[in-house]
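> A predicted structure for the sequence below; I have some questions about it.
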Amino acid sequence: SAVISQKPSRDICQRGTSLTIQCQVDSQVTMMFWYRQQPGQSLTLIATANQGSEATYESGFVIDKFPISRPNLTFSTLTVSNMSPEDSSIYLCSGDGGRGEQYFGPGTRLTVT
Amino acid sequence: AQSVSQHNHHVILSEAASLELGCNYSYGGTVNLFWYVQYPGQHLQLLLKYFSGDPLVKGIKGFEAEFIKSKFSFNLRKPSVQWSDTAEYFCAVSPSGGYQKVTFGTGTKLQVIP
């Protein structure tokens, strides 16, 4: 298994600003994933991040709004750009454990005012 | 694309009661199936998984799940719940073979009353 940490754990941001969330894995993983989890709802996949290539975004999510970096096999960042209150959510990163199994970080709770 | 349905959004049980949480998926091919749990204040963690073989799989903390292919179901069970089982439970599915996107259900909040 892998242990995943995220920073920051929570933040309160003003609309129009950007926040970068960091995700660190304690071992190398091929794929990392970014999810959004809104209260009372399921996890929604934002994008899949492979090292050395551009992230693959799901329908409804675009690179300009959620740029992602994946500089190596243990680290990734997600930026939430030009934030609005609708971006308030919990953002989760996970690492691929093989065959669909994933290891999740503790999440970043974002509130946009 | 696959989808997952969890019918129970909020379940309240007394300690020692038996638990069964429903999960149904839709997908035309073979799948990998998962149950994840999120305890209050903690991150999501894997409870159990099914890839192939024996359709009855056992996970941590006395949980088990049964894959019934004909019903497209993967229900989670525990014969006797404890207060510490209070958590949110998510069913998830991904098509088998290579990397495939994982789809999560909407989750079931379980509250166990001492």
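Received the coordinates, thanks.
> For the closest residue to residue B:51 other than its chain neighbours, give me its contacts.
Spatial nearest neighbour of residue B:51, chain neighbours left out: residue B:32 (5.3 Å); criterion: Cβ to Cβ, 6 or more residues apart in numbering or on different chains. Quick note: C-beta positions are derived from backbone N, CA and C, even for glycine. Each residue near residue B:32 by Cβ atoms under 8 Å, 6 or more residues apart in numbering or on different chains is listed here: A:99-101, B:49-51, B:93-96, B:100.
> ok, the residue sitting nearest the centre point of chain A - contacts?
With distances taken as Cα atoms, centre = their mean, the residue of chain A nearest its centroid is residue A:34 (3.4 Å). Counting by Cβ under 8 Å, 6+ apart, residue A:34 touches A:23, A:45-47, A:49, A:66, A:68, A:76, A:78, A:91-93.
> Quick one: mean pLDDT over the longest strand belonging to chain A.
As assigned by DSSP state E, the longest strand anywhere in chain A is strand A:89-98. For strand A:89-98, mean pLDDT rounds to 92.
> I'd like the contacts of residue B:32 as a markdown table, with secondary structure and neighbour count appended.
Shown next, in a markdown table, are these (DSSP: H, G, I helix; E, B strand; the rest coil; neighbours: other Cβ atoms under 10 Å in any protein chain shown):
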| residue | secondary structure | neighbour count |
| --- | --- | --- |
| A:99 | coil | 16 |
| A:100 | coil | 22 |
| A:101 | strand | 19 |
| B:49 | strand | 19 |
| B:50 | strand | 20 |
| B:51 | coil | 16 |
| B:93 | strand | 26 |
| B:94 | strand | 21 |
| B:95 | strand | 19 |
| B:96 | coil | 15 |
| B:100 | coil | 17 |
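> Lowest-confidence one in these?
On pLDDT alone, residue B:100 ranks lowest of the contacts of residue B:32, at 73.
> what about that residue, distance to chain A?
The gap separating residue B:100 from chain A is 7 Å, by Cβ to the nearest Cβ, to the nearest Å.
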